[in-house]
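K.L.:
sequence first, then the predicted structure:
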Amino acid sequence: MLKPHLEQARKRTRSLVKIEDFKMRDELKTLGIGKTYFVKTYGCQMNVHDSENIKAILEMMGFRENEDMMSADLILLNTCAIRENAHNKVFGMIGRIKHLKEERPNVIAGICGCMAQEEVVVNEILDKFSFLNFIFGTHNIHEFPEILAEAMHKNSTEVKVYSFEGNIIEKMPAKRDNKYKAFVNIMYGCDKFCTYCIVPYTRGKQRSRRFEDIIEEVKSLKENGYKEVTLLGQNVNAYGKDLNLEFDMSDLLESVAKTGIERIRFVTSHPWDFTDKMIDVIGKYPNIMPYIHLPLQSGSDRILKLMGRRYTKESYLELFNKIKKTIPNVSITTDIIVGFPGESEEDFLSTLDVVNKCKYDSAFTFIFSPREGTPAAKMKDDTPLEVKEKRLYELNDLVNKYALEANKKYLNKTVKVLLDEVSDKEGCLAGYTESMKLVNVKAPKEMLGQIVDVKIVDVRTWSMNGEIA
Ligand code: SAH
Ligand code: SF4
Ligand code: F3S
């Protein structure tokens, strides 16, 4: 048993990261024949992409996907630890698995992902939910076949979670649901340690992938018909900083653009590392999409300092305006936390002020959730929950107003949409504009995967309707 350890997860050394290729022993390649798996994914795109790797690994072992948890032979929850409610959802699901295992004791079930990296979670599972067969962490996905083989032969929970900084595993297979757009990791982990955030503990130190490995992956996706890649990292702008080489995110973006893939996106951009050179490169290449997610978190300098974000309201606005000025028709979205410990009415008004100035295309808003082991969890927090909720509603009203306003600018305009899936709306396909607006378009299924000109005929707060132009 190897349990996670919070103190260890906090440490950062200067030691070089090891790069290994994914391998699987031949004996394991028959373990899942005749069996099905069900994977449920919580959290961010990083987790979605990890699940794509996990599914492909399971299929290499002979398992087949089953969309119905109730009849699957193997159940895996790929979890998120970012806020308390993510936790609660997973524990609710574990309760359902308990009932299922009472009826079908041979079902194998376990968890992975960011919650598996938390000491408290693993202890709670071993204490109260020991019917789970395995737990593995974010740094040992490549070892899942071995862990599973071990778990299938024993009666206790197999636990293997590393709290060291993590290696980079290349040549991992991926089962991508979408045939036209793909996630590509460019870096793992995060060294920013914003005081509220658990990610630097659950994902380890920042490790950038090699430049050539990323370019190779993009080229091969392009050859296989993919139209769009999203470069993934907790902090993509800091790409390469850990490698001490001559290139940075702007060079990477430029090289990815030169592969000729039709659309390039990237998430997430921390305002701290956003260079002028990056802005210029994004503006220069038409295949780098004019869409930037630029988390604000708070508009109050006092709170930003307590959060450890290392920018001010003024420097954020300066960056925001530079991006708007340099990149034509750019859309910008953000993340905001209300109710950080000690947030006063005045601090909150500063946040509203930034929203009024930036008029975001959209925003994800959250109430602060204390995460065990992070500095903010220990800060004095005397704002009542009702006040925090009231602030969240007020903020959401403002955000929605500007989201609708931003969408209205598209009415009767013609835009390019990559039709990438069948819409919930009858007879429609759905896809995104270059600026990341969701559009439902009346079109036949044969048009899936095409980038087409669409005339916007109706706009809502969260989506638009269009017709092929
Ligand atoms: N790496 C990304 C953030 C990933 S987490 C970045 O730096 O932008 C996504 C969002 O969750 C964060 O931007 C933040 O707004 C929110 N978040 C993170 N920790 C939180 C916490 N403890 N409570 C509430 N919201 C949180
Ligand atoms: Fe969390 Fe901050 Fe890192 Fe984003 S930059 S993952 S908010 S610590
Ligand atoms: Fe959640 Fe881990 Fe992503 S905590 S947001 S799944 S990095």
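P.N.:
Looks like it came in fine. Ligands and ions are numbered 1, 2, ... in the order given.
K.L.:
pLDDT score assigned to the residue sitting furthest away from the middle of the chain?
P.N.:
Centroid-distance maximum for the chain: residue 103 at 34.7 Å, with CA atoms, centre = their mean. At residue 103, the pLDDT value in this model is 95.
K.L.:
can you pull the residues of the stretch 351-469 of the chain lying near ligand 1?
P.N.:
In this structure, the stretch 351-469 of the chain approaches ligand 1 at residues 366, 368-369, 371, judged by CB under 6 Å from any ligand atom. Where you see a C-beta, it was placed from the backbone N, CA and C, and this is true even at glycine.
K.L.:
the least confident helix or strand in the chain by mean pLDDT close to ligand 3?
P.N.:
Within the chain, judged by mean pLDDT, DSSP states H and E, the helix or strand with the poorest mean is helix 6-10; its value is a mean of 87. No: using CB under 6 Å from any ligand atom, helix 6-10 stays clear of ligand 3, coming no nearer than 12.6 Å.
K.L.:
helices and strands around that helix, which ones?
P.N.:
If you count contacts as 3 or more CB pairs under 8 Å, 6 or more residues apart in numbering; DSSP states H and E, helix 6-10 packs onto helix 199-202.
K.L.:
what about residue 433, neighbour count?
P.N.:
Each residue near residue 433 was counted by other CB atoms under 10 Å, and the total is 23.
K.L.:
ditto for residue 257
P.N.:
Here the number of neighbours of residue 257 (other CB under 10 Å) works out to 18.
K.L.:
near ligand 2, which residues of the stretch 51-200 of the chain? Just list them.
P.N.:
190, 192-194, 197, 199-200.
K.L.:
quick one: the helices in the stretch 301-450 of the chain, in order.
P.N.:
Counting by DSSP state H, counting those that start in this stretch, one finds helices in the stretch 301-450 of the chain at the ranges 301-307, 313-326, 345-358, 385-408.
K.L.:
highest average neighbour count across these?
P.N.:
The highest average neighbour count among the helices of the stretch 301-450 of the chain, using mean count of other CB atoms under 10 Å, belongs to helix 301-307 at a mean of 19.
K.L.:
how far away from the center of its chain is that one?
P.N.:
In this view, helix 301-307 has its centroid 24 Å away from the chain centroid, taken as CA atoms, centre = their mean, to the nearest Å.
K.L.:
what is it packed up against?
P.N.:
Using 3+ CB pairs under 8 Å, 6+ apart, helix 301-307 sits against helix 345-358.
K.L.:
let's go with 10 Å and repeat that
P.N.:
The elements that helix 301-307 packs onto, with contact taken as 3 or more CB pairs under 10 Å, 6 or more residues apart in numbering; DSSP states H and E, are helix 313-326, strand 331-338, helix 345-358.
K.L.:
near ligand 1, anything from that helix?
P.N.:
No: using CB under 6 Å from any ligand atom as the criterion, no contacts between helix 301-307 and ligand 1 are found, and the smallest distance is 9.5 Å.
K.L.:
and ligand 2, is that helix touching that?
P.N.:
No: judged by CB under 6 Å from any ligand atom, helix 301-307 stays clear of ligand 2, getting no closer than 8.2 Å.
K.L.:
re the thing from before, for the helices and strands packed on helix 301-307, which one sits closest to ligand 3?
P.N.:
Closest to ligand 3 of the helices and strands packed on helix 301-307, according to CB to the nearest ligand atom: strand 331-338, at 10.7 Å.
K.L.:
show me the domain layout of this protein.
P.N.:
Taking automatic domain parsing as the criterion, the chain consists of the domains 6-160, 168-408, 414-468.
K.L.:
element containing the residue nearest to residue 40 when sequence neighbours are not counted?
P.N.:
Leaving out its chain neighbours, the residue that sits closest to residue 40 by CB to CB, 6 or more residues apart in numbering is residue 77, at 5.2 Å. Secondary structure here is read from DSSP states H and E; on that basis residue 77 sits in strand 74-79.
K.L.:
and that strand, average pLDDT?
P.N.:
Strand 74-79 shows a mean pLDDT of 98 in the predicted model.
K.L.:
tell me the helix or strand right after it.
P.N.:
Heading C-terminal from strand 74-79, the first helix or strand you meet, by DSSP H and E, is helix 84-103.
K.L.:
quick one on the thing from earlier: got a list of what the residue farthest from the centre of the chain touches?
P.N.:
Going by CB atoms under 10 Å, 6 or more residues apart in numbering, residue 103 touches residue 70.
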